[in-house]
Each structure stands twice: as structure tokens, then as C-alpha cells.
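Novice: I would like the atomic coordinates for the input below:
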Amino acid sequence: MEAFLTGFGGAGLAFLGAGLTALLCCIGSAKGTGIVGEAVAGLLSEDPSASGKCTLYQVMPGTQGLYGIVIFFITLIQMGVFGGNADLTAITVTKGLSYFAACLPMMFGGFLSAIYQGRVAAGCINLVAKQPDNSSRGMMHVVIVEFYAILPLLASILVLINL
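Specialist: Just a heads-up that it's a prediction; the model follows:
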């Protein structure tokens with residue numbers, strides 16, 4: 001295992017952490033928005049006028065993909081990639097693992113919360129179908145899940161800026 005890590009290099013581990021964070025958060029967002037999109041399509045086939053009330057529900061699970069991209073860029077900035085004079089060979093395996101570990105909260109928190117937020121939002125589409133005037137009540141439940149996407153975002157940012 002040590003030979004693998006040494007051969008991969010610290011920069012490789014850091015790039016892997018940043019890349020997986022962006023990838024998994026975007027996959028989770030795609031899954032979450034897809035779940036909501038299926039529910040919205042069903043509702044709109046019955047009531048096309050409900051489109052405006054459904055748009056925000058579908059957008060919400062997409063924020064985790066954005067959060068993953070933010071962590072991706074912060075990691076690369078901290079590595080010095082955008083400075084123009086970065087010496088990536090100076091990033092040790094230990095430092096690379098530190099960058100990778102800093103990405104983990106957003107990597108998994110973003111992936112899972114996007115999917116679960118999509119499921120909650122899809123359930124709220126049922127509320128809009130039955131009680132269109134109560135669409136704002138359902139949004140509170142979707143926002144609660146968003147809070148648990150923001151927490152890993154903050155955790156990853158705080159660790160990254162203190163490396």
C-alpha cells in the first residue's frame with residue numbers, strides 16, 4: 001500500500017480528493033434532480049399551471065453539485081495550481097492525504113444529501129398536486145435537508161483553509 005501511495009504521489013491524492021468531490025456531488029445532484037423531475041412530469045401532465053411551483057423543488061438538489069465544484073476549486077487553489085508556479089512534486093503523500101481527507105465531508109455529504117433532498121422534494125410535489133396553495137410548506141422540508149449539505153461544505157472549507 002505504501003508503494004502505491006508513494007507512486008501516486010501527494011499531488012495525485014489531492015487531485016483525486018478534489019475530483020471525486022466534484023464528481024460525486026454532481027452525480028448526487030443529477031440523481032436528486034432526476035427524482036424530482038419524474039414527479040414534476042407526472043404533475044404537469046395533470047396540471048400544466050403548476051410548473052412555477054415545481055421549479056424550485058427541482059433546483060434545490062442541484063446545489064450540492066455546485067458545492068462540490070466549490071470544494072474542487074478551493075482544493076486546487078490551496079495546492080497552488082492556479083498560481084502559475086506550483087511545484088506539485090513538493091506535495092508529500094501526507095499532505096496529499098490531508099487534502100483528500102479535507103474533501104471527504106463534502107464528497108459524501110453532498111452526494112447523499114442531494115439524493116435524499118430529491119426524494120423529499122418529490123414527496124412535496126405530491127403536496128403541490130393535492131394542495132397547490134401549500135407549496136411553501138413543503139419547501140421547508142426541502143430546506144432542512146439543504147442544511148445538511150451546507151454543514152459538510154463548511155467542514156471541508158474550514159479544513160482546507162487551515163491546511
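Novice: got any ranges where this structure has weak pLDDT?
Specialist: The chain contains residues with pLDDT under 70 at 1-7.
Novice: quick check: phi and psi at the residue nearest the centre of it.
Specialist: Taking Cα atoms, centre = their mean, the centroid of the chain lies closest to Gln64, which sits 2.7 Å from it. Note on Gln64: its backbone torsions stand at phi -60, psi -30 [degrees, to the nearest 10].
Novice: what does Gln131 give?
Specialist: According to degrees, to the nearest 10, Gln131 has phi -140, psi 80.
Novice: how about the contacts made by it?
Specialist: Residues in contact with Gln131 (Cβ atoms under 8 Å, 6 or more residues apart in numbering): none are found. Using the backbone N, CA and C atoms, a C-beta is placed for each residue, glycine as well.
Novice: let's see 10 Å
Specialist: Contact analysis of Gln131 by Cβ atoms under 10 Å, 6 or more residues apart in numbering lists Arg137, Gly138.
Novice: for it, give its distance to Phe82.
Specialist: 49 Å (Cβ to Cβ, to the nearest Å).
Novice: equivalent analysis for Ala14, please.
Specialist: Distance from Ala14 to Phe82, counting by Cβ to Cβ: 14 Å.
Novice: name the residue in these two with the higher neighbour count.
Specialist: Ranked by neighbour count (other Cβ atoms under 10 Å), Ala14 and Phe82 place Ala14 first, with 26 against 10.
Novice: what about that one, distance to Leu56?
Specialist: 36 Å.
Novice: Ile157 now?
Specialist: For Ile157 relative to Leu56 (Cβ to Cβ), the value is 25 Å.
Novice: of those two, who's got more company?
Specialist: Ile157 (17 against 14).
Novice: the more buried one: what's it in contact with?
Specialist: Ile157 touches Tyr67, Val70, Ile71, Ile74, Ala102, Pro105, Met106, counting by Cβ under 10 Å, 6+ apart.
Novice: how about the secondary structure of the closest residue to the fourth one other than its chain neighbours?
Specialist: The shortest distance from Ile74 to any residue that is not its chain neighbour, by Cβ to Cβ, 6 or more residues apart in numbering, is 5.1 Å, and that residue is Leu160. Going by DSSP: H, G, I helix; E, B strand; the rest coil, the secondary structure assigned to Leu160 is helix.
Novice: alright, that wraps it up for me.
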